[in-house]
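Engineer: pasting a predicted model and its sequence here:
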Amino acid sequence: MKTTFLVAVLSAAALFPSAHARGALVVGEVIHGEALCARCQLKEAGQCGIVIRAVESGTNVQYYATTNRVAAKFQAKSCQSPVKVWAKGTVRERDGKNQITLKIIDLETNDKLKLNTP
């Protein structure tokens, strides 16, 4: 019984990185990057919204923030010009795009998120 449980746990741990690559839900992801406006700067949407552009493994990855209170409160700071940010939230892939439901987003100059990163 203990051996079966141990094998199951180890198998799940081994599969986790590949699950992220396939677009599985990742809770508590911390992203450091540049926040841009989807409408004003990227010309990709009909209304303003936050897109966080991060460099991961040498390539640019864009995370589209879902609409919630955290995103709405921060959105004006990134509308006219890009700003460096730390963001924490739940990441998932939807319609071929990375989406993040923001729990926290703050300017890079504030250290509160950096202290909580593993």
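Structural biologist: Perfect, thanks for sending it.
Engineer: for the chain, give me the ranges with low pLDDT.
Structural biologist: Flagging of the chain using pLDDT under 70 yields the residue ranges 1-27, 110-118.
Engineer: what is the neighbour count of the nearest residue to residue 50 once chain neighbours are set aside?
Structural biologist: Closest residue in space to residue 50, ignoring its immediate chain neighbours: residue 65 at 3.9 Å, by CB to CB, 6 or more residues apart in numbering. Backbone N, C-alpha and C define where each C-beta goes, glycine included. If you count neighbours by other CB atoms under 10 Å, residue 65 ends up with 24.
Engineer: for residue 65, what are its contacts?
Structural biologist: Contacts here follow CB atoms under 8 Å, 6 or more residues apart in numbering; on that basis residue 65 touches 49, 50, 51, 52, 71, 87, 89, 99, 100, 101, 102, 105.
Engineer: repeat that for residue 42.
Structural biologist: 36, 51.
Engineer: in which helix or strand would I find it?
Structural biologist: Secondary structure assigned from DSSP states H and E places residue 42 in neither a helix nor a strand.
Engineer: any idea how far it is from residue 90?
Structural biologist: Taking CB to CB, to the nearest Å as the measure, residue 42 falls 22 Å from residue 90.
Engineer: for residue 107, same thing?
Structural biologist: 21 Å.
Engineer: sec struct for the nearest residue to residue 46 once chain neighbours are set aside, please.
Structural biologist: Distance criterion CB to CB, 6+ apart; nearest residue to residue 46, sequence neighbours excluded, is residue 39 at 6.7 Å. When the structure is split into helix, strand and coil by DSSP: H, G, I helix; E, B strand; the rest coil, residue 39 lands in coil.
Engineer: surely residue 39 and residue 51 touch.
Structural biologist: No - judged on CB atoms under 8 Å, residue 39 makes no contact with residue 51 at a distance of 9.8 Å.
Engineer: between the two, which is the more surrounded one?
Structural biologist: Set side by side, residue 39 and residue 51 give different neighbour counts by other CB under 10 Å, the larger being at residue 51 (24 against 15).
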